[in-house]
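In: Sequence plus the predicted model coming up.
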Amino acid sequence: MCKLNRVKELPAVDMFVTTADPVLEPPIITVNTVLSLMAVDYPANKLACYVSDDGCSPLNYYALVEASKFAKLWVPFCKKYSVQVRAPFKYFPDKSVLSSEIDHSWEFQQEWKKIKEEYKLLSRNIEDAAKKSAALDFDLSDELAVFSDTERQNHPAIVKIIWENNDGLSDGIPHLIYISREKRPKHPHYYKAGAMNVLTRVSGLVTNAPFMLNVDCDMFANNPQIVHQAMCLLLGSKEKDCAFVQCPQLFHNNPTHSLELIHEFVGKGIVGIQGPFYQGSGCIHRRKVIYGLWPNDNEDHEGQVDDDDYDELLKQLGNSNEFIKSAGHALRGETGLPRNPSNSLDVAHQVAGSAYENGSSWGEKVGWMYGSATEDILTGLMIHTRGWRSGYCNPNPPGFLGCAPSSLLAAMIQQKRWSTGLLEILFSKNNPISATLTANLQIRTCIAYLYIIIWGLRSIPELCYAALPAYCIITNTNFLPKFQEPGILILFVLFVIYNLYTLSEYIQIGFSIHSWWINQSMARIITMTSWTFGFLHAVLKLLGLSEVAFEITQKDGNDGDNADENAGKVTFDESPFFVVGTTVLLVQLVALATGLLGLQSPPGGGQGSGLCEVFCSVLVVVWFCPFLVGLFRKGKYGIPLSTICKSAALSSLFVYLSKKIYMV
């Protein structure tokens, strides 16, 4: 068991929540995440919650103001009755709560009902405000007046203290601060990485906690002890052994998500090398490491940074004297005097400005790294490259739970962004191979990173393998042995062993056979669609022909656990992702129809296609079953006619070229 008695006093923690679009990321989701963080079991005077709103939305600000009022009831209630789940949307719909806490007094029952009604009122107020905002009928007066002349991509910095723990009470409510960094059309803003760097600088001025927890807006604190758990790792070892502590990304609306399998069988193995990757959410960083400190800078100075290193780092952090002074305290391990957030607002606006990073090393040597749509993996890679290790925190119950994409298109967009960003790292000077040869990244950690960042490259061979059996059936050729040939046994045994092994992994961690099959199907669909687009985008950027945009994943409201009659159905639109998937399916169907109707070309001196090629083609059809069903459905659950026409044209082109190439 971890011991925290090695330190006289628990260190302060700044908590970051990032959101970017009030439509794709409804404010009620952000509100629940913020409330869960403010209610964790940790001294309130050691916590500050910062919300970065990259959409500069008055709706988000209004929702947070309303949430701060509710927090004055919610936080004391959670701590008084040791509530386990501290995100209201998960706590109140759970019908087992009252029955499991029936031993509580009549007082508890009354408070529970009162706070549930208050949460309903909070949700209703935010929902009404969202409707007014959508109808452009939102009242931008009083505190919201600052949003009246703003545009999403063109506005000054906005930093507002929503709630301030003036009395410094350990059992009070943590600070709550809203930030919308300045954006100007001619200044690059670097998406989430840029937002995280602004959060780092503003928090450094306002509270300057030595540790920083960051979560996405949809990833609430599921374990109230999670900050204590992370501190056990961060304070229970030498500094150089733990730059950050990462919790696995798990999901409340899809507990059988394939990422959980990766965490179980890949993530835990990586922990034994140099530590887990930084995954962009559910992670606690040392501030001094984010400021660019190397492990050896602390090794022989009893926690103090060498003067030369110190001066060099300060040159990289920008031109704000107040911020540099604050960073100096952090780098030297000094906590400094307690701060009054309101006193730092003027300078906070300066460091949140779009031009502040000019001439500095933000995004290159310090802070969150620029140059990839997956800024989390790149930032973690740079930290590991400097020789730092990281820690893995996986308590029971899980520390954080997020919201997995609830639609196929949302999952495709997310996977495309990941594959593009990972390939950007592979093609950059900061790739793991270079980091191993020229810096302190261990060879086994390099291999682990390569396993992840080459995901996008798999799309090309998988597409080729999917097209190969269809090509063979159409041209009446073969690439596999016949059923009666002994060689087929080797392939059959390998196929069975692989599938039994992957199935055993799912069963081992409690997943069903059905979830195994769904994930196998999704893996093939994602690889041949999302990763293909990700690969193409990365190549186009490498050639200077395109810029990669950061696409936000659609987050559903917090009622995603409620099943309805349409649960499990796939929705389609005219997205290019569905054109690729439908084309893969139609190619197989055309090939199978060609073989069944005897329309194949005569075998050219070979044995012709056989049952093995037919089996492979049928297997691809089964993997793409959601698209097959979509061909026969109407409305949003059916594939649009325009998509079918485009795919039919591409399929016809494939058949024509196959026969043309065969004849040559």
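Out: Alright, I've got the coordinates. Numbers count the residues shown, from 1 in each chain.
In: which residues touch the spatially most central residue of the chain?
Out: Centroid check for the chain by Cα atoms, centre = their mean gives residue 280 as the closest residue, at 5.8 Å. If you count contacts by Cβ atoms under 8 Å, 6 or more residues apart in numbering, residue 280 has them with 192, 214, 216, 374, 375, 376, 377. The C-beta positions use only the backbone N, C-alpha and C, and glycine is treated the same way.
In: Helix or strand: which one has the second one?
Out: Remark: residue 214 resides in strand 211-216, with elements defined by DSSP states H and E.
In: I'd like to know the average pLDDT value across that strand.
Out: For strand 211-216, mean pLDDT is 97.
In: Show residues contacting it.
Out: Residues contacting strand 211-216 (Cβ under 8 Å, 6+ apart): 11-18, 33, 37, 196, 199-200, 203, 221, 227, 230-231, 234, 280-287, 290, 400, 402.
In: Can you tell me which of the contacts of residue 280 is closest to residue 652?
Out: Nearest to residue 652 out of those is residue 374 (Cβ to Cβ; 36.9 Å).
In: residues contacting the closest residue to the closest one other than its chain neighbours?
Out: The shortest distance from residue 374 to any non-neighbouring residue, by Cβ to Cβ, 6 or more residues apart in numbering, is to residue 421 (3.0 Å). Listed by Cβ under 8 Å, 6+ apart, the contact set of residue 421 reads 372, 373, 374, 375, 377, 378, 548.
In: The same query, at a cut-off of 10 Å, please.
Out: Contact analysis of residue 421 by Cβ atoms under 10 Å, 6 or more residues apart in numbering lists 371-378, 453, 456, 534, 537-538, 548, 550.
In: Narrow the residues you listed to just the buried residues.
Out: Buried members of the contacts of residue 421, counted by 16 or more other Cβ atoms under 10 Å: 371-378, 453, 456, 534, 537-538, 548, 550.
In: Can you list the low-confidence ranges for the chain?
Out: Along the chain, segments meeting pLDDT under 70 span 1-7, 94-104, 256-257, 298-310, 335-339, 548-549, 557-568, 604-606, 664.
In: All the strands of it, residue numbers only.
Out: 13-19, 47-53, 158-163, 175-180, 211-216, 220-221, 244-246, 250-251, 283-286, 391-392, 400-402 (DSSP state E).
In: Between those, which one is closest to residue 311.
Out: strand 283-286 (20.3 Å).
In: can you give me how far that closest one is from the chain middle?
Out: Put simply, strand 283-286 sits 16 Å off its chain's centre (Cα atoms, centre = their mean, to the nearest Å).
In: Who does it pair with, and is each partner parallel or antiparallel?
Out: Paired strands of strand 283-286, with direction, are strand 211-216 (antiparallel), strand 244-246 (antiparallel) (DSSP bridges).
In: Present the ones you listed as CSV; the columns should include distance to residue 442 and mean neighbour count.
Out: As requested, the strands paired with strand 283-286 are exported to CSV (distance: least, Cβ to Cβ, whole Å; neighbours: other Cβ atoms under 10 Å):
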stretch, distance to residue 442, mean neighbour count
strand 211-216, 25, 25
strand 244-246, 17, 27
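In: I'd like a version of those in CSV, one that adds distance to residue 349 as further columns.
Out: Conversion of these to CSV gives the following (distance: least, Cβ to Cβ, whole Å):
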stretch, distance to residue 349
strand 211-216, 20
strand 244-246, 28
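In: of all these, which lies closest to residue 143?
Out: The nearest among the strands paired with strand 283-286, by Cβ to Cβ, is strand 211-216 at 25.5 Å.
In: Only alpha carbons, please: show that closest one as CSV.
Out: What follows is strand 211-216, C-alpha atoms only, in CSV (Å, rounded to 0.1, in the frame of the first residue of the first chain):
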residue,chain,number,x,y,z
PHE,A,211,1.3,19.0,-10.5
MET,A,212,-1.3,19.3,-13.3
LEU,A,213,-4.1,16.9,-14.0
ASN,A,214,-5.7,17.0,-17.4
VAL,A,215,-8.9,15.4,-18.7
ASP,A,216,-11.1,15.7,-21.8
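In: Now do it and strand 47-53, the angle between them.
Out: 40 degrees (axes from the mean of the first three to the mean of the last three Cα atoms, to 10 degrees).
In: what angle sits between strand 211-216 and strand 13-19?
Out: If you take the same axes, to 10 degrees, strand 211-216 sits at 20 degrees to strand 13-19.
In: Can you get me the centre-to-centre distance for strand 211-216 and its chain?
Out: 13 Å.
In: Could you shift the numbering so residue one becomes 29, and keep it that way?
Out: Got it, first residue is 29 now, which makes that one strand 239-244.
In: Break this protein into its domains for me.
Out: 38-432, 484-691 (automatic domain parsing).
In: Give me whichever of those domains is most buried.
Out: Stretch with highest mean neighbour count among the domains of the chain: domain 38-432 (a mean of 19; mean count of other Cβ atoms under 10 Å).
In: Which of the domains of the chain sits closest to residue 471?
Out: Comparing those by Cβ to Cβ, domain 38-432 comes nearest, at 9.3 Å.
In: Residue 191 is in contact with residue 92, correct?
Out: Yes - Residue 92 is within contact range of residue 191, at 9.0 Å (criterion: Cβ atoms under 10 Å).
In: anything in contact with each of these two?
Out: 77, 99, 204, 205.
In: Please name the bridge partners of the third one.
Out: Same thing as residue 204. On the basis of DSSP bridges, residue 204 is bridged to residue 77, residue 191.
In: List the residues that contact it.
Out: Residues near residue 204 by Cβ under 10 Å, 6+ apart: 43, 45, 62, 65-66, 75-79, 92-93, 95-96, 99, 188-193, 369.
In: how about 8 Å then?
Out: Residue 204 touches 62, 66, 76, 77, 79, 92, 95, 96, 99, 189, 190, 191, counting by Cβ under 8 Å, 6+ apart.
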